[in-house]
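[1] Okay, here's the prediction I keep looking at, along with the sequence it came from:
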Amino acid sequence: MEKGPLQRLQEIAAEIADLHSAAALLAWDEQVYMPKAGAPARAQQAATLRRLAHEKLTDPQVGELLEQLAAEHRGDPATDAVAAMLRVMNRKYHQATRVPAALVAAEAKAASAAYHAWLQAREEKNFGPFREPLAEVVKIQVEKAEALGYEDARYDALLDLYEPEMRTAEVAAVFARLKDFLVPMLGRLSEVLDRVDDGILYQEFDEDRQWALTLEACRAIGFDFDRGRQDRSVHPFTTACDMDDVRITTRINRGFLGSGLFASLHEAGHGLYEQGIDPAFRRSPLGSPISLGIHESQSRLYENLVGRSRAFWQFFMPKAAAAFPARLEGVTAEDMYRAVNKVAPSLIRVEADEVTYPLHIMVRFELEQALIQGDLTVDDLPGAFDDAMEAYLGLRPANSVEGVLQDIHWSGGYFGYFPTYTLGTLMSVQIFEAARRDLPHLAADMASGRFIPLREWLREHIHRHGSRFMPQELLQRATGSRLDPQPFINYVEEKYSELYGL
C-alpha cells in the first residue's frame with residue numbers, strides 16, 4: 001500500500017529526530033567522557049550529523065508534503081495533534097531552508113573547536129586561546145542571522161530559535177522593568193547583608209558524600225534514574241536522547257555545599273520536563289520542549305521555588321546532617337534555609353542568588369547583542385564583560401575565568417540563549433503560583449518529602465505537551481496569563497523583606 005503524505009512526513013521527521021538524538025549523545029560524551037585527543041574527530045562527526053539532519057529537513061519533498069497537508073489539516077493545534085505537528089514542522093522547515101547546509105556544518109565544526117579552546121583558556125586563565133575560535137563562531141552566527149532574516153534587530157533571528165515569537169525589544173522592556181526593581185532592592189539589602197550568615201555552606205565537604213546527596217535530592221523530587229543518569233562536567237547541563245534516556249550533569253565544589261546540590265536540582269528540573277513529555281510524541285516534531293524559556297522555568301522552579309524553600313529544608317536537612325554530621329551538627333532547617341538564600345553579589349552566574357541572578361543575564365544579553373550587531377569586537381569582549389559586571393554588580397573579575405570565560409554557551413554558538421534564563425525565572429514563579437493554587441497542601445507535602453503531586457501537576461500542565469503549544473500559549477493555559485514579571489517582583493520583595501527584616 002502506498003504511503004500517504006502524512007505518514008511520509010512523519011517518517012522523515014522521525015529520522016531527523018534520530019539524527020539529533022545521536023548528535024546530542026555525542027555532545028554529551030564530548031563534555032563528560034571523551035579524551036581530549038578525540039576532539040578533531042568529534043567535530044567532524046557532529047558536523048556530519050547536523051548536515052544530514054539539515055539536508056533531510058530542507059529536502060524539497062518536505063515542503064511539498066507540508067503544502068499538501070496544510071490544505072487537509074486546518075484543525076486547532078490545541079485539539080488536533082496533527083495540526084500542531086504541522087505547525088512545528090512548517091516553522092522548522094522554513095527556518096532551515098534559509099540556512100545553507102555548508103553553514104550548518106561549519107557551525108558544528110566551529111562550535112567543537114571553540115569548546116576545546118574554551119577549556120584550554122579556562123585552564124590557563126587566559127582569554128587568548130579562545131579569541132580566534134570565538135571570533136569564528138560569532139562570524140558564523142552573524143551569517144546565520146542574516147540567512148534567517150529579521151524585521152528589526154539582527155539579534156531577533158537568533159533569539160527566535162530559542163524563544164519562538166519573542167523579540168529583542170520585548171526582552172529589553174522586561175529587563176528594564178526588572179532592573180528598575182532589582183537595583184534599588186539590592187541597594188536596600190546591601191545595608192543589611194550581615195543579617196544572614198551562610199558560613200555553614202563554606203566548609204570542606206567530602207565530594208563522594210556530596211555526590212550521594214545530590215542523587216538523593218534528585219530522586220526525592222521525582223527524577224527517574226531508570227530513565228536517566230547523572231554525571232560530572234565542567235559546566236552542568238542536560239541532554240535528552242529520548243524521554244527514556246535523559247542525561248544530567250553537575251559539578252562538585254569541595255569547599256561549597258551549595259554548588260553541586262543546586263546544580264543537580266536545576267538540571268533535574270530540566271530532566272523532569274524531558275521525562276514528562278507524552279510518549280506518543282516520540283521521534284516527532286512535538287517530542288521536545290517548545291522553548292528554552294519554558295525549559296528554564298522548570299529548572300529554576302526546582303532550584304529556587306523548591307530547593308530554596310523552607311519546606312524543602314524541613315524535609316532535607318536531616319539528610320544533609322546525616323551525610324555531614326561533623327560539619328552540620330546543630331544546624332537547623334531554618335539555619336539552612338537562611339544560608340541558601342543569602343544575597344551576596346558574586347562573579348559566578350550559576351551560583352548567584354535570586355536577587356542578583358537576573359543582573360548576570362542582563363550583562364550577557366547586552367554583550368551578545370553588541371557582538372551580533374557588530375558594535376563590539378571579540379578582542380574587546382573581555383574588557384567589556386568586566387566593565388559590565390562592575391556596573392551591574394559592583395564587582396570586577398580578577399581573571400578571565402571569573403569573567404568572560406565562565407560560561408560555555410558562546411563556545412557552542414548559543415547566541416540568543418542567555419535571555420531565556422531570566423525569562424524562565426519569571427515564568428517559574430508564575431507556574432509555581434498556579435500549582436500552589438491547585439495544590440493547597442503543597443508546602444506541607446514538600447516538608448514531608450512528598451514531591452510527586454507537584455511533578456504530576458507540572459507534567460499535566462507543562463511537560464506532556466512538548467512542542468504542541470507556542471510558549472506564551474502554553475503559559476497562558478497553565479497559569480491564566482502570558483509572561484508577566486510582576487509575580488517574580490512580588491515574590492522577591494516578600495521573601496527577602498521577611499528574610500532580612502526590611
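    Received, thanks.
[2] Show me the domain layout of the protein.
    Segmentation of the chain into domains, based on automatic domain parsing, reads 5-124, 168-500.
[3] Excluding residues flanking it in the chain, which one is nearest the most centrally placed residue in the chain?
    Nearest residue to the geometric centre of the chain (Cα atoms, centre = their mean): residue 296, 4.5 Å. Leaving aside its sequence neighbours, residue 296 sits nearest to residue 424 (Cβ to Cβ, 6 or more residues apart in numbering; 2.5 Å). For every residue, glycine as well, the C-beta is placed using N, CA and C.
[4] Correct me if wrong: residue 415 contacts residue 373.
    No - with contact defined as Cβ atoms under 8 Å, residue 415 does not count as touching residue 373 (11.0 Å).
[5] out of those two, which sits in the more crowded spot?
    Remark: of residue 415 and residue 373, residue 415 carries more neighbours, 26 against 14, as counted by other Cβ atoms under 10 Å.
[6] just checking, what packs against the top helix by length along the chain?
    Longest helix in the chain, counting residues (DSSP state H): helix 5-32. The contact analysis (3 or more Cβ pairs under 8 Å, 6 or more residues apart in numbering; DSSP states H and E) places helix 5-32 against helix 39-58, helix 60-72, helix 81-96, helix 101-124, strand 238-242, strand 245-250.
[7] Swap in 6 Å and give it another go.
    helix 39-58, helix 60-72, strand 238-242 (3 or more Cβ pairs under 6 Å, 6 or more residues apart in numbering; DSSP states H and E).
[8] Reformat these as JSON lines; add mean pLDDT and distance to residue 125.
    Below are these laid out as JSON lines (pLDDT from 0 to 100; distance: least, Cβ to Cβ, whole Å):
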{"stretch": "helix 39-58", "mean pLDDT": "92", "distance to residue 125": "21"}
{"stretch": "helix 60-72", "mean pLDDT": "92", "distance to residue 125": "47"}
{"stretch": "strand 238-242", "mean pLDDT": "96", "distance to residue 125": "28"}
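[9] which of these is buried the deepest?
    Greatest average neighbour count among the helices and strands packed on helix 5-32 goes to strand 238-242 (a mean of 21), per mean count of other Cβ atoms under 10 Å.
[10] which outside residues touch it?
    Counting by Cβ atoms under 6 Å, 6 or more residues apart in numbering, strand 238-242 makes contact with 21, 24, 25, 28, 246, 247, 248, 267, 270, 271, 274, all of which sit outside it.
[11] Report the inter-axis angle for it versus helix 5-32.
    140 degrees (axes from the mean of the first three to the mean of the last three Cα atoms, to 10 degrees).
[12] Closest one to residue 64 out of the contacts of strand 238-242, please.
    The nearest member of these to residue 64, counting by Cβ to Cβ, is residue 21 at 25.9 Å.
[13] model confidence over stretch 290-305, on average?
    Stretch 290-305 carries an average pLDDT of 97.
[14] Restrict it to CA atoms and write it as PDB.
    Extracted in PDB, the C-alpha atoms of stretch 290-305 (Å, rounded to 0.1, in the frame of the first residue of the first chain):
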ATOM      1  CA  ILE A 290       8.800  24.200  22.900                       C
ATOM      2  CA  SER A 291      11.300  26.800  24.100                       C
ATOM      3  CA  LEU A 292      14.300  27.300  26.400                       C
ATOM      4  CA  GLY A 293      12.300  29.800  28.400                       C
ATOM      5  CA  ILE A 294       9.700  27.200  29.300                       C
ATOM      6  CA  HIS A 295      12.500  24.700  29.800                       C
ATOM      7  CA  GLU A 296      14.400  27.000  32.100                       C
ATOM      8  CA  SER A 297      11.200  27.700  34.000                       C
ATOM      9  CA  GLN A 298      11.300  24.100  35.200                       C
ATOM     10  CA  SER A 299      14.900  24.100  36.200                       C
ATOM     11  CA  ARG A 300      14.600  27.400  38.100                       C
ATOM     12  CA  LEU A 301      11.400  26.200  39.700                       C
ATOM     13  CA  TYR A 302      13.100  23.200  41.200                       C
ATOM     14  CA  GLU A 303      16.300  25.000  42.000                       C
ATOM     15  CA  ASN A 304      14.700  28.000  43.700                       C
ATOM     16  CA  LEU A 305      10.900  27.700  44.400                       C
END
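[15] How far does that stretch sit from its chain's centre?
    Chain-centre distance of stretch 290-305: 7 Å, with Cα atoms, centre = their mean, to the nearest Å.
[16] Show residues contacting it.
    162-164, 221, 262, 265-266, 269-270, 273, 289, 354, 420-421, 423-425, 427-428, 431-432, 467, 471.
[17] Could you do stretch 411-419 as well?
    Stretch 411-419 is contacted from outside by 107, 111, 114-115, 118, 137, 141, 158-159, 161-162, 171, 361, 364-365, 368, 372, 409, using Cβ under 6 Å, 6+ apart.
[18] Between strand 245-250 and the longest helix of the chain, find me the angle.
    Put simply, helix 5-32 runs at 30 degrees to strand 245-250, going by the same axes, to 10 degrees.
[19] and helix 5-32, which residues are buried?
    Buried positions in helix 5-32, judged by neighbour count with 16 or more other Cβ atoms under 10 Å: 6, 8-10, 12-13, 16-28, 30-31.
[20] got it, and stretch 245-260?
    Neighbour counts over stretch 245-260 (16+ other Cβ under 10 Å) mark 245-250, 252-253, 256-260 as buried.
[21] How far away from the center of its chain is it?
    What separates the centre of stretch 245-260 from the centre of its chain is 15 Å, taken as Cα atoms, centre = their mean.
[22] What of stretch 250-270?
    Here the centre of stretch 250-270 is set off from its chain's centre by 14 Å, with Cα atoms, centre = their mean.
[23] That one - what's its average pLDDT?
    96.
[24] now do stretch 343-352
    Stretch 343-352 comes out at a mean pLDDT of 89.
[25] The nearest residue to residue 145 once chain neighbours are set aside: how many residues sit nearby?
    With sequence-adjacent residues excluded and distances taken as Cβ to Cβ, 6+ apart, residue 145 is closest to residue 157, at 4.1 Å. Each residue near residue 157 was counted by other Cβ under 10 Å, and the total is 24.
[26] which ones are touching residue 157?
    145, 148, 150.
[27] 8 Å instead, please
    By Cβ atoms under 8 Å, 6 or more residues apart in numbering, the contact list for residue 157 reads 144, 145, 146, 148, 149, 150, 416.
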